[in-house]
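Undergrad: Structure of the sequence below:
(2 chains)
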Amino acid sequence: AQSVTQPDIHITVSEGASLELRCNYSYGATPYLFWYVQSPGQGLQLLLKYFSGDTLVQGIKGFEAEFKRSQSSFNLRKPSVHWSDAAEYFCAVGLLVKAAGNKLTFGGGTRVLVKP
Amino acid sequence: DVKVTQSSRYLVKRTGEKVFLECVQDMDHENMFWYRQDPGLGLRLIYFSYDVKMKEKGDIPEGYSVSREKKERFSLILESASTNQTSMYLCASKEAGGGGEKLFFGSGTQLSVL
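TA: Numbering: from 1, shown residues only, chains lettered A, B, ... in the order given. You can find the predicted model right below:
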């Protein structure tokens, strides 16, 4: 069965510093890969996704992610963090289950705290 | 503005009660999902549906059932609530497709079972 691992439960970063969140997946083929963000009291919002093509993917809010097949990783980065980036971030893998349906498996999440 | 609406933001129930969590989407999406979210465990899929009256078990279906009588509505049912079902429940929907479609989430229902 597929799995998604986010090794860091919490990360604290200073405002203006760079941020990198790690994600590793386990699956036989290359699945769809996603990063979602959940701000306090909110539902999840899609930041970016990858399936094929350029391995560096640009998303919303200045985030990017790089797919590395050899490492089964899909790490999320932001060059300069803003206080509003404090949230919980989830990596997810999407798999086709049936012709008309499929499901996403999520990692455990990484909570990001931003220091002034 | 597209919307996934969950009927309750907070819910408190007693052990053994039958609990209904309702979710409605206004985007004519074929696929709908129920997840539970627990600290450190992320989101775990309970059930999903890819068409009216069709359902598939997710990773943790035990103790839950679902109903999808209409395309826009997907209900999660706890037949006999237990304290270990205290959690945040998230509903989501998306278009049918090969797996790369964006999920739209509701704001969640925080269920406490006493």
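Undergrad: Give me the pLDDT value at residue B:44.
TA: The per-residue pLDDT reported for residue B:44 equals 92.
Undergrad: Run through the bridge partners of it.
TA: residue B:36 (DSSP bridges).
Undergrad: Could I get the average pLDDT for stretch A:84-98?
TA: When pLDDT is averaged along stretch A:84-98, the result is 84.
Undergrad: tell me which residues of that stretch are tucked away?
TA: A:85-95 (16 or more other CB atoms under 10 Å in any protein chain shown). (C-beta placed from N, C-alpha, C; glycine too.)
Undergrad: can you tell me how far the spatially most central residue of chain B sits from chain A?
TA: Nearest to the mean C-alpha position of chain B, by CA atoms, centre = their mean, lies residue B:34 at 2.6 Å. Residue B:34 sits 11 Å away from chain A, going by CB to the nearest CB, to the nearest Å.
Undergrad: Report pLDDT for the residue nearest to residue B:21 when sequence neighbours are not counted.
TA: Excluding the flanking residues, the one nearest residue B:21 by CB to CB, 6 or more residues apart in numbering or on different chains is residue B:76, at 4.3 Å. Confidence at residue B:76, expressed as pLDDT, is 97.
Undergrad: mind checking pLDDT for the residue in chain B that chain A sits nearest to?
TA: Residue nearest to chain A within chain B (CB to the nearest CB): residue B:50, separated by 2.8 Å. Turning to residue B:50, the model gives it a pLDDT of 87.
Undergrad: correct me, but it touches residue B:56?
TA: Yes: contact criterion CB atoms under 8 Å: residue B:50 and residue B:56 qualify, at 7.0 Å.
Undergrad: More neighbours: which of those two?
TA: Neighbour count, other CB atoms under 10 Å in any protein chain shown: between residue B:50 and residue B:56, residue B:50 has more, with 20 against 17.
Undergrad: what's the spacing between the more buried one and residue B:95?
TA: Using CB to CB, to the nearest Å, residue B:50 is found at 11 Å from residue B:95.
Undergrad: joint contacts of those two?
TA: Contact criterion CB atoms under 8 Å, 6 or more residues apart in numbering or on different chains; residues shared by residue B:50 and residue B:95: B:30-31.
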